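K.L.:
how would this look folded up:
(one chain, ligands or ions: 2)
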Amino acid sequence: MTGAHSPSAAHPRTRPPGEHHHPTTTPPHPRETHVTGATIWLTGLPSAGKTTIAHALADRLRAEGRRTEVLDGDEIRTFLSAGLGFGREDRHTNVQRIGFVAELLASHGVLTLVPVIAPYAGSREAVRKRHQQEGTAYLEVHVATPVEVCSVRDVKGLYAKQAAGELTGLTGVDDPYEEPASPDLRVEAQAQTVQESAAAVHALLTERGLL
Ligand SMILES: Nc1ncnc2c1ncn2[C@@H]1O[C@H](COP(=O)(O)OS(=O)(=O)O)[C@@H](OP(=O)(O)O)[C@H]1O
Ligand SMILES: Nc1ncnc2c1ncn2[C@@H]1O[C@H](COP(=O)(O)OP(=O)(O)O)[C@@H](O)[C@H]1O
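P.N.:
Ligands and ions are numbered 1, 2, ... in the order given. Model (predicted):
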């Protein structure tokens with residue numbers, strides 16, 4: 001269909017039937033005019049520090065008055081991705097679902113932090129592409145703590161379980177982790193405090209004009 005309501009490059013999402021365009025005379029909410037959202041994906045091995053960095057950064061961003069969400073991997077697997085396992089296909093599906101929700105939030109001005117392993121480069125690339133298509137900012141942060149450090153931290157006891165033969169398919173041990181070739185930022189979290197790691201991501205957001 002062509003005409004006033006046909007989709008355009010600037011508004012690529014299809015409006016549901018019956019939903020009307022807001023009158024152009026309605027001004028946007030003043031606080032929202034200069035707010036740019038973004039998805040900040042923190043990828044890395046289990047116990048690398050993704051969740052800890054995400055929450056430290058979220059606290060800081062909220063204190064600075066920014067709308068911020070953390071899409072926690074464990075929570076997502078309880079609700080949005082309930083029933084999915086840790087095989088290649090399920091992990092890919094999980095990452096695409098999270099990417100979809102993150103993009104929606106980010107497109108509405110929310111700084112959306114995603115501490116999720118996302119072990120496959122192809123899955124991460126698909127999420128980046130989706131953001132590009134929608135014109136939404138996307139940053140990939142590799143929390144690059146080496147497996148030797150992660151396995152000592154072993155926050156959830158997964159490395160010990162794998163070593164004891166009680167679990168197979170642990171990312172970075174007996175399941176793949178495809179390291180990002182050119183992330184927007186690589187954080188050497190094993191050599192930093194949590195606040196230093198969070199500050200490095202904060203500096204990236206500033207550098208990219210998102211703060
Ligand atoms: N086999 C195996 N491999 C990796 N991780 C495992 C596994 N089994 C359970 N867990 C726990 O689940 C969390 C990973 O889920 P995610 O949704 O973040 O990862 S994925 O992108 O779908 O791979 C991950 O959370 P984090 O430790 O916070 O990374 C693990 O605690
Ligand atoms: N610079 C750092 N950044 C993040 N976590 C760190 C750092 N230094 C030490 N840690 C510790 O490492 C652990 C990381 O656990 P977590 O954030 O749950 O990892 P992940 O979400 O990647 O599985 C936490 O106990 C945290 O306190």
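K.L.:
what's the helix or strand for Leu105?
P.N.:
For Leu105, the enclosing helix or strand under DSSP states H and E is helix 88-107.
K.L.:
one more: His142?
P.N.:
Assigned by DSSP H and E, His142 falls in strand 137-143.
K.L.:
related to what we said a few turns ago, gap between the helix holding Leu105 and the chain center?
P.N.:
In terms of Cα atoms, centre = their mean, to the nearest Å, the centre of helix 88-107 is found 8 Å from the chain centre.
K.L.:
show me what the helix-or-strand element of the chain with minimal mean pLDDT is packed up against.
P.N.:
Among the secondary structure pieces of the chain, namely its helices and strands, helix 73-78 has the lowest mean (mean pLDDT, DSSP states H and E), a mean of 92. Under the contact criterion of 3 or more Cβ pairs under 8 Å, 6 or more residues apart in numbering; DSSP states H and E, the helices and strands touching helix 73-78 comprise helix 88-107. The way it works is simple: take the backbone N, C-alpha and C, and place the C-beta from them, glycine included.
K.L.:
try 10 Å
P.N.:
When contacts are defined as 3 or more Cβ pairs under 10 Å, 6 or more residues apart in numbering; DSSP states H and E, helix 73-78 packs onto helix 50-63, helix 88-107, strand 111-115.
K.L.:
OK, contacts around Pro183?
P.N.:
The neighbourhood of Pro183, defined by Cβ atoms under 10 Å, 6 or more residues apart in numbering, consists of Trp41, Leu42, Thr43, Gly44, Arg124, Leu139, Glu140, Val141, His142, Val143, Ala144.
K.L.:
quick one, which of the residues you listed are buried?
P.N.:
The neighbour-count test (16 or more other Cβ atoms under 10 Å) marks Trp41, Leu42, Thr43, Gly44, Arg124, Leu139, Glu140, Val141, His142, Val143, Ala144 as buried among these.
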